[in-house]
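Student: Structure of the sequence below:
(one chain, ligands or ions: 1)
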Amino acid sequence: MKKILSALCLLCALTAQAQTHTFDINTKKLGAPIQKTMYGIFFEDINYAADGGLYGELVKNRSFEFTPDPLMGWDAFGRLEVKNDGPFDKNPHYVRLLSAGHRDKWTGLQNEGFFGIGVEKDAEYRFSLYARVPDGRKQMLRVQLVNQSTMEEHQEFTSNDIVVDSKDWKKYTVVIKSTRTASHANLRLMLCNENGSSGSGTMDVEHISLFPVDTWKGHENGMRKDLAQALADLHPGVFRFPGGCIVEGTTLDQRYQWKNSVGPVENRPINKNRWENTFTYRYFPDYHQSYGLGFYEYFLLSEEIGAEPLPVLSVGLACEFQNGSHRSDAHVPVDQLQPYIDDVLDLIEFANGDPAKNVWAKLRADMGHPAPFNLKFVAIGNEQWDTIYPENLEPFIKQVRAKYPNIKIIGTSGPNSEGKDFDYLWPEMKRLGADLVDEHFYRPESWFLKSGNRYDNYDRKGPKVFAGEYACHGRGKKWNHFNAALLEAAFLTGVERNADVVHMATYAPLFAHVDGWQWRPDMIWYDNLKSFRTCSWHVQSLYANNKGDNVLQLTMNGKPVAGNDDQDGLFASAVYEKATNTVIVKVVNVGDKAQDVTLNLKGMKGSHEATRTIFTAANLDGENTLDQPNAYIPTTQNVTVTAPTQTTSVPAKTFVMWRIKK
Ligand code: AHR
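Tutor: Numbering: from 1, shown residues only. Okay, here's the model as predicted:
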């Protein structure tokens, strides 16, 4: 009897191991179209994503407008005064450099940059400032890149002089070439006489700026190239900006006001960044928004990377986490919303309007883009909830619809992926006629594992889904690592399968400076010189660059493959890419064992050229780093796939993607 039982057990084990999972993929019938916007990016100035990150400016507090101290970020020496009647009315502060009063004393300023200033050997940097000599006496400004913590004889490793000769404010520019690579340099400015001795005159200085010459697309007010390239390489379908919670502000006066972010950069009033103080355990007292990277630059970037721009605007509610969701002075009453609604209407004109007819459209043209940006979407409100939100949203929808019936409006289902507020808001969004609903889910592994079917039963007649912020936040491992990315990949099979209802998905947050982050995990990390793309970036890239045009039905035993109890940790989806006549199959095995999978390509016969991409990791907790940016990357090989059936093994904890020429 014992022998029979053990023979039976062995048989069971062998059967379990050998069991193949047949994926029936209908390659003959095209399913729902996949929107071009499906996989996109979410940009917010959190973690020093804008100033100190994507924005190329290397000088912190270039306009002396930081609060409470206008000299934050600067070390001042000698004799100087901060004055506030400068040439830019919205940024009125500037510094008056005065003679130090002795030939061996010096006056000047030194900027610390954002966690230092990163410069590369032989690279060029454009230094500029507005300056004047109020008494008309020529003075010279010595502009140096210095390393203050060196043991070498000289701290400065690059030095250039600018002669300021006008009593009136003028812009002075010099291109400087760095003689070395340094990640934590400082910018030192010294008031001099023309012969280089300590300045005995007076000089006023304002809007002191240093940019790499080699920015993304060479724009002068440009972006850091490696970071912008990491966005472009995703070929994102949609670019959401400028947040996130900064859209709302801790208080309404701190909300992101797009009108302050356009026009000449010198006169864009700076704003405290709400992420300065959101987490006291990651506090950054000097975190401000210069708005140098503003709405014009976001629209331009969207155009340059081929993504639909998706601005998010305030609905007149300050952050509800910080102010509650009841009516109070923190929020705008419904009958006082008109300026906020005007902000939306004016933005549509700024993006799409005729410069001859509209002042905002004219500003766009004056800034260098007479052609419209072809804005199609606008989101109103970020993470809002309770009755206060639909009450405020309704008049926005009415006015936008009346004037711009083709603009698609995005509402929100609040900060939670399910629950009371979520259940209340979805029907409300439907009642108000929102086109899409922005869902957010920063959730642990268990949530991602059980959410493969999330969208299978969504209302096909209601608003579409914008999965606007999501990331797997590992339990006890709330940082980037391979397994979190793998679960995001698994979840995205369900997003892809439901492309008729999910029209956009954007991982969040996007960027983080290693020395200045408030929130993690994030998609791309960097210091002042280097950056790396995380495992989550690679997952996004595999989806976004292989999104196809139409869903293909993929089932196992007649059911979607969504990590269900009887599916051995498998998730899968399939799409068809028209331009290359290719079937793309994505399979994620989140289980501990390899699984045999038979691709049953219904409608195909014979041998087919294909590629097989594998994303796997020896260490599930591992991640790329600044020093090893390619430790975890997908690998691709050419293979031949036989049709209709091809059996293959999908390794444990692995994402596999086939691209099969039809
Ligand atoms: O992505 C970080 C924050 O998460 C966003 O600002 C906010 O919308 C959400 O709470």
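Student: How about the stretch 101-250 of the chain: which residue is closest to the ligand?
Tutor: G244 (3.0 Å; C-beta to the nearest ligand atom). In this view, the C-beta of every residue, glycine as well, is placed from N, C-alpha and C.
Student: Provide the backbone phi and psi angles at that residue.
Tutor: Torsion angles at G244 (phi, psi; degrees, to the nearest 10) stand at phi 90, psi 170.
Student: ok, it - contacts?
Tutor: Contact analysis of G244 by C-beta atoms under 8 Å, 6 or more residues apart in numbering lists F42, E44, D45, I46, V312, N382, E469, A508, P509.
Student: how near is the residue lying closest to P651 once chain neighbours are set aside to the ligand?
Tutor: Leaving aside its chain neighbours, P651 sits nearest to A594 (5.0 Å; criterion: C-beta to C-beta, 6 or more residues apart in numbering). A594 sits 35 Å away from the ligand, taking C-beta to the nearest ligand atom, to the nearest Å as the criterion.
Student: My read is that A594 contacts A652, right?
Tutor: Yes. Applying C-beta atoms under 8 Å as the test, A594 and A652 come out as touching, 5.5 Å apart.
Student: who wins for neighbours among the contacts of G244?
Tutor: Sorting the contacts of G244 by how many neighbours each has (other C-beta atoms under 10 Å) puts D45 first, at 30 neighbours.
Student: what does the stretch 101-250 of the chain put close to the ligand?
Tutor: Applying C-beta under 6 Å from any ligand atom, we find that the stretch 101-250 of the chain lies next to the ligand at G243, G244, C245.
Student: thought the last one was touching R274?
Tutor: I take that to be C245. Yes. With contact defined as C-beta under 8 Å, C245 and R274 form a contacting pair (6.0 Å).
Student: what about those two, which has more around it?
Tutor: For C245 versus R274, the count of surrounding residues by other C-beta under 10 Å is larger for R274: 27 against 23.
Student: need the contact list for the more buried one.
Tutor: C245, I246, E248, G249, T250, Q254, C319.
Student: Over to L252?
Tutor: The contact partners of L252, by C-beta under 8 Å, 6+ apart, come to S314, G316, A318, A330, H331, V332.
Student: Return the subset of those lying in helices.
Tutor: Counting by DSSP state H, those place none of their members in helices.
Student: Would you check which pair of those residues lies furthest apart?
Tutor: In the contacts of L252, two members sit farther apart than any others by C-beta to C-beta. They are S314 and A330, at 12.5 Å.
Student: Between these two, tell me which one has more neighbours.
Tutor: Taking other C-beta under 10 Å, S314 and A330 do not tie; S314 has more neighbours (25 against 18).
Student: Tell me, how many residues neighbour the closest residue to the more buried one other than its chain neighbours?
Tutor: For S314, ignoring the flanking residues on the chain, the nearest one in space by C-beta to C-beta, 6+ apart is R255 at 4.7 Å. Per other C-beta under 10 Å, the neighbour tally for R255 reads 25.
Student: Need the phi and psi values for R255.
Tutor: phi -60, psi 160.
Student: Looks like it contacts G243 (just checking).
Tutor: No. Counting by C-beta under 8 Å, R255 stays clear of G243, with 9.8 Å between them.
Student: Would you mind listing what in the stretch 351-500 of the chain touches the ligand?
Tutor: Neighbours of the ligand within the stretch 351-500 of the chain, by C-beta under 6 Å from any ligand atom: N382, E383, P415, E469.
Student: so can I have TSV of those showing pLDDT and secondary structure?
Tutor: Converted to TSV, these look like this (pLDDT from 0 to 100; DSSP: H, G, I helix; E, B strand; the rest coil):
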residue	pLDDT	secondary structure
N382	97	coil
E383	97	coil
P415	97	coil
E469	98	strand
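Student: wait, what's in contact with the residue of the stretch 551-662 of the chain found nearest the ligand?
Tutor: Closest approach between the stretch 551-662 of the chain and the ligand, counting by C-beta to the nearest ligand atom: E623, at 18.8 Å. By C-beta under 8 Å, 6+ apart, the residues touching E623 are W479, N480, H481, F482, T534, C535, A631, Y632.
Student: Got a ChimeraX select line for the buried ones in the residues you listed?
Tutor: For the buried members of the contacts of E623, the matching ChimeraX selection, counting by 16 or more other C-beta atoms under 10 Å, is:
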select :480,481,482,534,535,631,632
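Student: can you give me the helices for the chain?
Tutor: Using DSSP H, helices in the chain cover 2-18, 225-232, 295-305, 320-323, 338-352, 359-366, 388-403, 420-432, 445-450, 482-497, 535-544.
Student: Now do the second one, average pLDDT.
Tutor: Looking back up the chat, that one is helix 225-232. Mean pLDDT, computed over helix 225-232, is 98.
Student: With the fifth one instead?
Tutor: Helix 338-352 comes out with an average pLDDT of 98.
Student: Pull the distance from it to the chain's centre.
Tutor: 23 Å (C-alpha atoms, centre = their mean, to the nearest Å).
Student: hang on, the earlier thing: for the contacts of E623, please prepare TSV with the additional fields distance to Y526 and pLDDT.
Tutor: Output for those, formatted as TSV (distance: C-beta to C-beta, whole Å; pLDDT from 0 to 100):
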residue	distance to Y526	pLDDT
W479	16	98
N480	13	98
H481	18	98
F482	20	98
T534	11	99
C535	16	99
A631	16	98
Y632	17	98
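Student: All set now, cheers.
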